[in-house]
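A.B. asks: what would the 3D arrangement of this be:
(chains A and B)
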Amino acid sequence: MTQTRAILLNALSLYGVALVLAAAFAAQFVLHELPCPLCLLQRILFATLAIGPILNIRFGPRPSHYALSLLAAIAGAIASMRQVLLHIMPGDGGYGSALLGYHYYTWASPPSSRSQRSCCSTASSRTTAQRCRQPVPSSRR
Amino acid sequence: MEFTLLFLAVAIVMLAAWRGSHPLAFGLYTAVMIACAATYLHHASDTLKLSF
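C.D. replies: Residues are numbered from 1 along each chain as shown, chains lettered A, B, ... in the order given. You can find the predicted model right below:
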């Protein structure tokens, strides 16, 4: 990859981060969705994610700059997974409104959204299985 | 209040990354990440309010 293309991709990633933060603030100020502390922390870590691309554009692409972004991404994923796990109990409505069926903190962590989906489908299939396959008492066998 | 400070700190790191030197940006980034981890750990011990 040429340096020009790498800088272009870094600039595009800055637009992506700005878009995510704009959507979060729009949800807060337009839809009146008040953020919880973990939501705010995820926003801050999204903003921290932008520091790597800024350094890449300013000083040229270096592995250490990408490491900064990776560290911020891991910290953000930890915060969002924590919030997903707070609302993973069956019957929990989650925090705030959902976007395309997923809450914002689930969207913030794609790996956790996949694992949550698989966990939820496993949990729901388990309850269905428990309902459908009740063990027959030994006296009826 | 602490989140406002964190947002301001991130904005300062961005400015330092754009206008300042390399070590300054890295140092401020480290300080912000430590502050974020401390804020996370502080709120991780909050009482869990189940919403159902």
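
A.B. asks: got a list of what residue 3 touches?
C.D. replies: If you meant another chain, say so; for now it's chain A. A:Gly60, A:Pro61 (C-beta atoms under 8 Å, 6 or more residues apart in numbering or on different chains). To be clear about C-beta, it is placed using only N, CA and C from the backbone, and glycine gets the same treatment.

A.B. asks: meant chain B actually
C.D. replies: A:Pro37, A:Leu40, A:Leu41, A:Ile44, B:Thr39.

A.B. asks: again, but for A:Val17
C.D. replies: Contacts of A:Val17 (C-beta under 8 Å, 6+ apart): A:Phe46, A:Ala47, A:Leu49, A:Ala50, A:Pro53.

A.B. asks: could you pick out which of the residues you listed are near chain B?
C.D. replies: A:Ala47, A:Ala50 (C-beta under 8 Å from any C-beta of the partner chain).

A.B. asks: downstream of the longest helix that chain A contains, the next helix or strand is which one?
C.D. replies: Ranked by number of residues, the top helix in chain A under DSSP state H is helix A:3-29. Note on helix A:3-29: by DSSP states H and E, the next helix or strand toward the C-terminus is helix A:37-49.

A.B. asks: residues in contact with that following helix?
C.D. replies: A:17, A:20-21, A:24, A:35, A:69, A:72-73, A:75-76, A:79-80, A:82-83, A:86, A:95-96, A:104-105, A:108, B:3, B:6-7, B:10-11, B:13-14, B:29, B:32-33, B:36, B:39-40, B:43, B:46.

A.B. asks: grab the nearest non-local neighbour of B:Val13.
C.D. replies: Among residues not flanking B:Val13 along the chain, B:Leu28 sits closest, at 4.5 Å (C-beta to C-beta, 6 or more residues apart in numbering or on different chains).

A.B. asks: B:Ala11 is in contact with the one you found, correct?
C.D. replies: No: B:Leu28 is beyond contact range of B:Ala11, at 10.7 Å (criterion: C-beta atoms under 8 Å).

A.B. asks: show me where chain B has its helices.
C.D. replies: Going by DSSP H, chain B shows helices at B:2-19, B:22-44.

A.B. asks: the first one: how far from the chain's middle?
C.D. replies: Mean C-alpha position of helix B:2-19 versus that of the full chain (C-alpha atoms, centre = their mean, to the nearest Å) differs by 8 Å.

A.B. asks: in it, what's buried?
C.D. replies: Residues B:Phe3, B:Leu6, B:Ala9, B:Val10, B:Val13, B:Met14, B:Ala16, B:Ala17 are the ones in helix B:2-19 that count as buried (16 or more other C-beta atoms under 10 Å in any protein chain shown).

A.B. asks: and what of the last one?
C.D. replies: Judged by neighbour count (16+ other C-beta under 10 Å), helix B:22-44 contains these buried residues: B:Ala25, B:Phe26, B:Leu28, B:Tyr29, B:Val32, B:Met33, B:Ala35, B:Cys36, B:Thr39, B:Tyr40, B:His43.
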